[in-house]
Structures are given as structure tokens and as C-alpha cells.
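Asks: Sequence first, predicted coordinates after that:
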Amino acid sequence: MKSLKNLYENIGLPRLIIGLFFVFLVVTSIALGFSPSAIFSDVVRRWLMYGTLVLAMVPGIQSGIGLNFGVSLGISAGLLGSVLAMEISFLRNWPEVLGAGAAWMTLLLALFFGVIMAAVLGTAYGLLLNRVKGSEMTVSTYVGFSVIAFMNIVWLSLAFKNGELSWPLQGQGLRNTASLAGSFGGLLSNPDTVSATQPPWLHWLAFRIGDFTLPLGLILVFGFLCFAVWLFFRSKLGIAMSGAGENQLFTTSSGINVDRKRIQGTAISTVLGAIGIILYAQTYGFLQLYNAPLMMGFASVASILIGGASVKRAKISHVLIGTLLFQGILVTALPVVNEVIEIGTLPEVLRIIISNGIILYALTKTKGGNQ
Amino acid sequence: MNKANSFLKKIGTALFDNKVMIAFAAICLAAILLSGSSLSFIVDGVFTRITRNTFTVLALIIPVLAGLGLNFGIVIGAVAAQVAVFWVVYWGFSGFEGMMLCVLIATPLAVLFGYLVGRLFNRVKGAEMIAGLILGFFADGLYQLFFLVVIGGIIPVNNPKLIIAGGVGVKNTIDLTGNLKYAIDSVRMADIIAAFFYLIAAVTLVKLILHFLKKYQLNKGDLISLGIAGLLFGISLIPQVGRFLSTDRLGLLNALIAVLVVLIVIQVVRIIKILRTEKGNLRKIVRPVLTILVCGLIYGLTYLPEIEEVLLFVKLPVLPFLLIAGLCWFNHKLLSTRLGQNMRTVGQSQPVAMASGIDVDKTRVIAMIISTVLASWGQLIFLQNIGTFSTYGAHTQIAQFAIAALLVGGASVQKATNKQAIIGIILFHTLFIVAPQAGKQLFNNAQIGEYFRVFVSYGVIALSLAMHAWKKVKKEDQPGTELVEQE
């Protein structure tokens, strides 16, 4: 009895409700006659698609800046890296010169550009956040919005030659959604793309078992990133960073520079955001520019909170559970809703209510306890 | 020499205090010059937007006063108004009665919502703004659920003009033409004066009865206000004046002259008072005299053909402006009441307020209720003026734009006044009107101008929040957590 109560307290009410809702949706959709393996393929795909973006929350929370709504900064860096890499690939005519390696080179170059820009921006952003201690979340939300609005102007002014990116017959401006089909789209996760473009010895990257699609390449990359973050927080540097987030006074007195740790945490979070959006685009198959990433920070924040993180504490397991539950609900809700009542926008409404509801809940939890 | 120095210093601080406003005014001026739009077009557009948006922006002032910061939760007030508008249109009411019904439905809803928001904000003290922002999104989700699923899905409705073909959910836009459009704008001046007279008469009657019941002492002020109301009403019955007042729009030229006359009368009264009470102290009348001179100068300027053209072109709806003036007066008067003083104390320091016996939580909840109700009325004014109700979009940006406008006027998280709100609206919406055209001239792309104005509205909020937080951190920097600055 006591252990049951303990278990309940560990899980928490919102997670319990959301978890049960997910199970309910899965059971209903299978009962409605949808193929379980197709559903699970979708769930796994979406899980991995958003995973890294949610992982980006961990260093932010651990280093003490709270929920990093400003991950849009990293997202913008990743998007900019991707479009630059694609343009270079087009100008250098990589698909003909490098063949099957072109997509890999583009992906690596995108990651390279994205990570460098994100590291620089993240450091500057960390400096700003050190100036606004105690109001990080409000400030970071609006910094995130401003960055997206600024990038809108950038996307609109870039004059690229690559026809996949720019509007046809206009000298200026990039498309709202650019297809990655000719580039690195699906390289790690789509069995059709992999078998069509890659040599046979790479076909293990993504394959089908019956109806079930296993994006092994993406699983490995995401797993590696999770492991790296996990390992980092076991290292001396990572422990110092967690300490900075947990208790500033104590950490300062033990000779650790709290501000520097916070900047590092913000920078790592931003870099993971950049990697996250590139992996997202890779899985999705499209690069979404303009206002598409505006609310992505919110989805990431909501996911990690659903996973059981608080404003002050987050673990890799929170990332995994939270993303699975949140994205799982959204994936399974669509077919169920379409079958029961024909309102296609309902999952979107559901997403808004769940994600913002859980953030609100987390806010009342922390601040309420402090009084 | 010393005097000149201190004067320069004064100007320096004045410039520094208003830096946001000045910077923004410069951007606006540049954009106006670049856009090449005609002055009539800009002024007309700005006044239209003042009519639409000022009420909502003014609704933000009380929470700032009570220390709740910028109220991102006004979205919820707007939602209350929109629920009311939908049902009123659905039931087929129209015109001024329809609008009154909207107010009757929206107000209790907004009171309820405001109470709940206030309760929530008391649980997240110190994080009201982020909670309000998230709450706005959350409320939007519930609103969509209500309008897409509950209406038609659970509440039976039957109106092919408003409901999506399947019978469940409300359409994207609701046309208000023929029912609520201009329901407030088109109230005639004569009716306003008559209503004002009847109201004052009724109030005086009640006071008179109370006077005879010995519960209230009738004073000179009551009779004077009745006299003024009666005089105005009497004048409005003169046929020539009546014809002029039977319209609902007032030319900007007439409005300007009216405002100038009122200002001059106020200053003259002030001068007379000063002369009577402080004989010989002529320094005090410098300011009123200067104000009168400026008023005269402005009147002189209206004879310039370019300006006269603009002033004759622009027509103002009367009642919305009176409502805005009324709200300014309310915000101003509230400060001198006990409640207003309590709010100010709570806003400055909650421990101090608590020590002096003020119920902090209750005061904050009241501030939120007032703000939410005002926001819902503001949204009603907005919708009736714009004439099309975009069911799923009308409320989403209002907090964003209202707050940006307020901040542009020089307000901060802790201080906001009526003046800042009005200056902010003028500047912010001037930019909104001219930015696309300026973008077209500068970059050959109107879209860039549009994105630029969105960027500005987000950017100004980010900047202002960051500056506020920065100041707060500097103040709180305790010796125990001495932090090594690094750049």
C-alpha cells in the first residue's frame, strides 16, 4: 500500500492522467482497426523527431536558467546552417560530384554551421540571462519570439540560387517549406530514401519489419546524444553545472563560478536546439522556415514537464518519457478523432491545451512551494 | 551658469527617461518619410486604430499599478467578449441593444475569468507575466475547443451563416455588418447628451431622496453638475445645434477646436484661482499662460492648407472617444480612492502592504477582475469598429500588441500612465500603418515591412522585460552571492 502511494507520488497526477489518456488512445485506435505496427511506427518516428529538441531543455534546467523558451535561438541557428549547407551543396554541384555522399556532406555541413552559430549565439544569450536572473523565463520567451521575427526578415531577404529553397521567378526570399527530398531528408529514418539513394551496406540505417519501420540510424544518433548529455552530467564540469543550478550560494562558496556555468549550460542547450531542429527536419523531410518554429520551444518545454521534470530538475528519463507521451498522444489522437468526430483540427487544439496546461501546472508547483 | 547646467541636466534626464519613446518616434518618422504616404492617409489610419485599441491598452494600467506587471492575461477578457458577441449575433440582436446585451453577457463572464486568473496569479507570485502568457495560450485552446466542438457538438445550434456546413463548430469569420458593426461608433451626439442629462438627473433625484431621508448631504457640486447637464441638453434642443449634433461623427477639426477650448477654459480657471489665492506670486501662472499660448498656436496652425486638409478629412466616432476619456478619468481617479492606494502599496512592496493590514491577495484579485472586465469591453469596441469577427484570430494578438504599444509609450513593468498608453498607441500604430509601404520603398518588398513591425513589437517587449529584470538584479545583488562579471 505504501509503495503504491510512493509510486503515485513519484509519477504525479498530470503524468498519470496523460499516461492513461495515451494508453486509452492506443487501445481505442487498435480497437478501431488501425494496424498496431503502423501506429507504433508513427509514434517512434515522432518520438525521435522531437527528442533532441526536448533534450535541449536538460542543460538549461540543470544550469539554473529554468525552462529555456529561448531555444528558438538554437532552432534558428540550425535552420540557417541547413539552408547555407544546401546552398553550398547546390553551388558546388555536390549531388553529381559526390553521388551518394552529397546528402551526408550536406547534413554534416548543416550540423557544423548550426553548432558553431548556436554556440556563439548561446554564449551571448547566456550573458544576457545572467543579467536578468529571476526573470529568465519571461525574457527568454520574448527573446525567442523576437529571434523568430528577425529571422523572418532574414529568410525573406536571402537571395539563393537553389531552386528547392527559393521561390521560383523571384530574386529574393526563401520558401515557407523547403523539401529536403533531394538533400538529407530521411537519410537516417526513411527506408525508401535509404534504399534508393544509399549503397547496400548502409541499408541498415532504416528498414521495415513487416509494417513496422525501424529508423535505426536516427535511434543511434539520438541515443548517442542522450548518452553524451548523460555522461556530461556525470563529469566534473556537469556536476558543477548542476550544482550551480541547484544552490547558487553553496556552489559559489565552493569556488565554482556560477555565472560561467550558467552560460555554458545555455550554450549547450542552444547547440542541442540547433542539432535538434536539423534532426527534426531530417525526419520530417521538410525544412520549415518563417513562423513554423515560433511555438516549438513551448512544445519542448511541455514535453519535458510531462516527463516529470520540474523547473529546477531534469533527467534524460524525463526527456524520453515526456516526448513519448506528448508526441504519442498527438500521433494517436488524429486517427481516433477522425474516426469518432470529423474535426481535423482537434489534435491541434488538444496540443495547445495539454502543452500550455502542463506548463501552467509546473509554474504553480514551483512558485507555490516557495512562499 | 549653474542654472543653465542644471537645466541641461534636466533635459538630459528627461531624454534618458523617455529613450524608448524617442527612439521609436525616430523610427516612425523615418518610416513615414520613406513610405511617402499622404498625411491624410496616415492620420486617418492612426485615429481609426486609436478608436479600436486604446481602451484595451488602458486596461493594462491597473495591474501594473498593483504590481502584477504587464497583464498578458487580457486575452481572457477578449475571449469573454467574443463568446458574448457570438451568442448575440446568433440570437439575432443588433444595433445598440445588441451591444448592450453583449456587455451584459461579457461582464459577468469577465468578472468570473478575472477572479480565476487573479487566484492563479496569487499562486505564481513573481512569475505572473510568464504565467499570464501561457494562460493566454491555454485559454485560446479551451476557446477553440468550445467554438469548434462544444458549439454544435454539445450545444445544439442551427444557423448556416455562422456554423460550419457539418453542423459542428463556428465558421472562421463572422460578418458583423448589419448587426453589431458600428453599434457604438454610430451613437448620435444628441443621444449621448440626452442620456448624460437623464443620468445626472436620475442621480440627483436619488441624492435628493437620500437628502430628505437624512442619509446624504446634498452639496453645491451636485447642483452644478445637474445645471451643466441641463444646459448642454437645452442647447442641444436648439434646431441649428440639434442638426449638427444629430450626426455620429465629429470632424477632427471640430474635435480639435473643442479640446483646445476646453483646455483654455481650464487654464483660465486655474489662472484666476492662482491670482486669487497667491497674490503677487506670478511665477506660478507661467505654465498655464504658456499652455494657452501653445493652444493658440495650434489653432493658428490649423489654418495652414496642408493641415486643414487633413483635419477636414478625418472624422471621429464620438462615443468610443468619450469612453476612452472616461476610462482615463477612471484610472486617474482610482488612485485617490482607498482601493487605489492599497493597490499602489501592494505594487510597491507586498510585505509592507501586509504589515499595514491590507489583504494583498484580495487586492490583486480585484485588480485582475477590473483589468479583465475592461479588456472585454475593449474587445467589444474593437470588434464593432472593425466589423468582421475573425472567430479564431481576433483575440490571439491583443495582449501582444497592447503591451508593445504601452511599452513604446515609455511605460515599464512597474510604471504605466494614461499618457504613456496614448502616446504609445499613436507611435506603435503609426509604424503599423507605414511599415509595409516603407518596406516596399526601401527593400522593394512590402512583406519585409510587415515582418519588421512584428519584429519591433516582439523586440520592444523583450527589451523592456530584460531592462526591468536587469535593474531588479542590480538592486538585489547581495554581498553573499557576489558574482564575477565577465564579458
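Replies: Yes, it's here.
Asks: Check B:Ala59 and give its pLDDT.
Replies: Predicted confidence (pLDDT) for B:Ala59: 93.
Asks: Now do A:Val97: how many residues are near it, please.
Replies: 11 (other CB atoms under 10 Å in any protein chain shown). From N, CA and C alone the C-beta is placed, and that goes for glycine too.
Asks: swap that for A:Glu87, sorry
Replies: A:Glu87: 19 neighbours (other CB under 10 Å).
Asks: can you tell me the helix or strand for it?
Replies: Element membership for A:Glu87, per DSSP states H and E: helix A:72-91.
Asks: so after that helix, what's the next helix or strand?
Replies: helix A:94-98.
Asks: what does that next one rub up against?
Replies: Where contact means CB atoms under 8 Å, 6 or more residues apart in numbering or on different chains, the residues beyond helix A:94-98 that reach it are A:Ile88, A:Ser89, A:Gly101, A:Ala102, A:Met105, A:Thr106, A:Gly182.
Asks: Repeat the analysis, applying 7 Å as the threshold.
Replies: Contact with helix A:94-98 is made by A:Ala102, A:Met105, A:Thr106, as judged by CB atoms under 7 Å, 6 or more residues apart in numbering or on different chains.
Asks: count of residues packed around the second one?
Replies: Which is A:Met105. 17.
Asks: if we can go back for a sec, list the buried ones in the helix holding A:Glu87?
Replies: Going by neighbour count (16 or more other CB atoms under 10 Å in any protein chain shown), the buried part of helix A:72-91 is A:72-90.
Asks: hmm, that helix in reach of chain B?
Replies: No: taking CB under 7 Å from any CB of the partner chain as the criterion, helix A:72-91 and chain B are apart, separated by no less than 10.8 Å.
Asks: where's that helix relative to the chain centroid, distance-wise?
Replies: 16 Å (CA atoms, centre = their mean, to the nearest Å).
Asks: Give me the mean pLDDT for that helix.
Replies: 90.
Asks: which helices and strands does that helix pack with?
Replies: helix A:101-131, helix A:136-157, helix A:258-284, strand A:286-288, helix A:296-306 (3 or more CB pairs under 7 Å, 6 or more residues apart in numbering or on different chains; DSSP states H and E).
Asks: buried ones in the host helix or strand of B:Val262?
Replies: Here B:Val262, judged by DSSP H and E, is contained in helix B:252-277. Of all the residues in helix B:252-277, those buried under the rule 16+ other CB under 10 Å are B:Leu252, B:Leu253, B:Ala255, B:Leu256, B:Leu260, B:Leu263, B:Ile264, B:Gln267, B:Arg270, B:Ile271, B:Ile274.
Asks: picking that back up, nearest approach to chain B belongs to which of the helices and strands packed on helix A:72-91?
Replies: Nearest of those to chain B, taken as CB to the nearest CB: helix A:136-157 at 3.7 Å.
Asks: Next, the angle from that closest one to helix A:72-91.
Replies: Orientation check (axes from the mean of the first three to the mean of the last three CA atoms, to 10 degrees): helix A:136-157 against helix A:72-91 gives 20 degrees.
Asks: Show me what the helix holding A:Glu87 is in contact with.
Replies: A:56, A:102, A:105-106, A:109-111, A:113-114, A:117-118, A:121-122, A:125, A:144, A:147-148, A:151, A:160-162, A:164-165, A:174, A:183, A:270-275, A:277-278, A:281, A:287, A:289, A:293, A:296-297.
Asks: now stretch A:143-150
Replies: A:69-70, A:72-73, A:76, A:125, A:291, A:293-294, A:297, B:451, B:454-455, B:458-459, B:462.
Asks: So which of the residues you listed wins on neighbours?
Replies: A:Gly70 (32 neighbours).
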